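[1] sequence and predicted model, in that order:
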Amino acid sequence: MAQPGQDAKFFQRGKIEELRAELQAAETKDRKFLKRKTALKKIVANITMGNDSRYNFPFLRGRPSDH
């Protein structure tokens, strides 16, 4: 489990487009899925803060057809 205060960097308001771009960039060769985990943590943190992230749900499930 993470120590207190380490995840504070994820709780910064981000724009939906920026978070989506970061999630798409994480699809490259990332064997340990570190980039994808970081992007997902940022999205969950934004949802926790009350930001509307419904447009990111197709990207969270996998590759959307319109992307």
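    Structure's in. What do you need?

[2] so how far is residue 38 from residue 30?
    10 Å (CB to CB, to the nearest Å). Placement of C-beta: from N, CA and C, glycine included.

[3] cool, residue 50 as well?
    21 Å.

[4] of these two, who's got more company?
    Neighbours of residue 50 and residue 38, each counted by other CB atoms under 10 Å, are more numerous for residue 38; the result is 16 against 8.

[5] contacting residues around residue 38?
    10, 22, 26 (CB atoms under 8 Å, 6 or more residues apart in numbering).

[6] with pLDDT and neighbour count added, can I get the residues you listed in JSON lines?
    Shown next, in JSON lines, are those (pLDDT from 0 to 100; neighbours: other CB atoms under 10 Å):
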{"residue": "10", "pLDDT": "74", "neighbour count": "17"}
{"residue": "22", "pLDDT": "83", "neighbour count": "17"}
{"residue": "26", "pLDDT": "81", "neighbour count": "16"}
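
[7] may I see these arranged in CSV, with secondary structure as well?
    Putting the contacts of residue 38 into CSV (DSSP: H, G, I helix; E, B strand; the rest coil) gives the following:
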residue, secondary structure
10, helix
22, helix
26, coil
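
[8] closest to residue 55 out of those?
    residue 22 (14.0 Å; CB to CB).
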